[in-house]
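K.L.:
below is the structure, and that's it, no one-letter string:
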């Protein structure tokens, strides 16, 4: 009988571990960002308005200070640059308290897509929290384009707010 009890507890523990590991993978691995098919995304990019501006996607990772990815119109997101925003002329849209109410705090706009006027300054800036040297971008205007654009680099993108998971291949 004691052997059956041990076997029962081992079986229950294994099942619990399996369930917890699957949940942890979903949380730790991030959530799928959804969005269009690859063909639909390529068609959207191919027909984008062009001009003297950039498209940017806000990408928030806790404790980092980079802003997100910026690319030229009709250019693939895989060619976008992860940037630090220089806010001398205009502040980024989510420049709010980090402890404010939900929807009204720094990073509320995770994955929002913007049309951004401005330019790359030519300077490189170090973000010590992500240990990266990034291009500096000086925005002069942010215009919200889409609050739910879906994936940025691939349909299987997984977002995790505590680690850098979204990078071009």
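P.N.:
Everything's here; your move. Since the model is a prediction, treat every value here as computed from it, not as a measurement. Numbers count the residues shown, from 1 in each chain.
K.L.:
hey, let's count contacts and neighbours off CA atoms from now on
P.N.:
Will do.
K.L.:
so where's the chain shaky on pLDDT?
P.N.:
Within the chain, the stretches with pLDDT under 70 are 1-29.
K.L.:
show me the helices in it, by range?
P.N.:
For the chain, the helices identified by DSSP state H occupy 2-28, 38-46, in order along the chain.
K.L.:
how distant is the last one from the center of its chain?
P.N.:
Yep, that's helix 38-46 we're talking about. On the basis of CA atoms, centre = their mean, to the nearest Å, helix 38-46 is displaced by 19 Å from the centre of the chain it belongs to.
K.L.:
and if you look at stretch 118-136?
P.N.:
Here the centre of stretch 118-136 is set off from its chain's centre by 17 Å, with CA atoms, centre = their mean.
K.L.:
now do that stretch: distance from first to last residue.
P.N.:
Using CA to CA, to the nearest Å, the gap from the first to the last residue of stretch 118-136 comes to 11 Å.
K.L.:
ok, stretch 150-164 next?
P.N.:
Between the opening and closing residues of stretch 150-164 there is a gap of 17 Å (CA to CA).
K.L.:
tell me the contacts of the closest residue to residue 149 other than its chain neighbours?
P.N.:
For residue 149, ignoring the flanking residues on the chain, the nearest one in space by CA to CA, 6 or more residues apart in numbering is residue 35 at 6.2 Å. In this structure, residue 35 makes contact with 148-151, 155, judged by CA atoms under 8 Å, 6 or more residues apart in numbering.
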